[in-house]
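**Q** coordinates only, sequence not included:
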């Protein structure tokens, strides 16, 4: 006598595979791994630095630098200058990133005066900068090279004590930036 199988072969359908707990668990594990890799890649693309300038004759309490895949932002608050106050006719202040000894200007302000002005007052008045650089802008301020070397950020101040002459006051300060994790 032939023995009959109690179990008949059942055709497995696509819906059986989808509704299987094993399939759901495998899908969730793959999804979570993809999510972890995505978050880690975002962490490498987003950089946030905060810093200051603290020297014997100049202080800035707040410098912020942020960059991601859509924008780059630099903010520097007003500087307080406690060095020798001189009367000036011409004034230039700028933030630069030094790369291989070359200054790459982020933002600058330059002006001249008919009458003498106080160096301390001009530094306080014109040292606040805010620069936003969108990826969609036709002329971008921050190049990839500048972003990679942002730790070399400097504040440069030039002034002239004579009406029609070159800058005879040249000050340069390193910005101490620390990456925020």
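**A** The structure has been received and is ready for your questions. Only a predicted model underlies this, so the values are computations on that prediction, with no experimental measurement involved. Numbering: from 1, shown residues only.
**Q** helices and strands around the strand or helix carrying residue 147, which ones?
**A** Taking DSSP states H and E as the criterion, residue 147 maps to helix 144-148. When contacts are defined as 3 or more CB pairs under 8 Å, 6 or more residues apart in numbering; DSSP states H and E, helix 144-148 packs onto strand 87-99, strand 102-118. Quick note: C-beta positions are derived from backbone N, CA and C, even for glycine.
**Q** can you pull the buried residues of the shortest one?
**A** Burial within strand 87-99, assessed by neighbour count using 16 or more other CB atoms under 10 Å, is assigned to 88-98.
**Q** before we move on, the earlier item: quick check: mean pLDDT across the helix holding residue 147?
**A** Mean per-residue pLDDT for helix 144-148: 90.
**Q** bridging residues for the nearest residue in space to residue 147 that is not next to it in sequence?
**A** Closest residue to residue 147 apart from its sequence neighbours, by CB to CB, 6 or more residues apart in numbering: residue 67 at 5.7 Å. Beta-bridge pairing for residue 67 (DSSP bridges): residue 47, residue 72.
**Q** any stretches of the chain with poor pLDDT?
**A** Along the chain, the parts satisfying pLDDT under 70 run over 1-8.
**Q** just checking, which helix or strand succeeds the helix holding residue 147 along the chain?
**A** Counting by DSSP H and E, the element after helix 144-148 in chain order, helix or strand, is strand 153-160.
**Q** mind listing what's buried in that following strand?
**A** By neighbour count on 16+ other CB under 10 Å, the buried set for strand 153-160 is 153-160.
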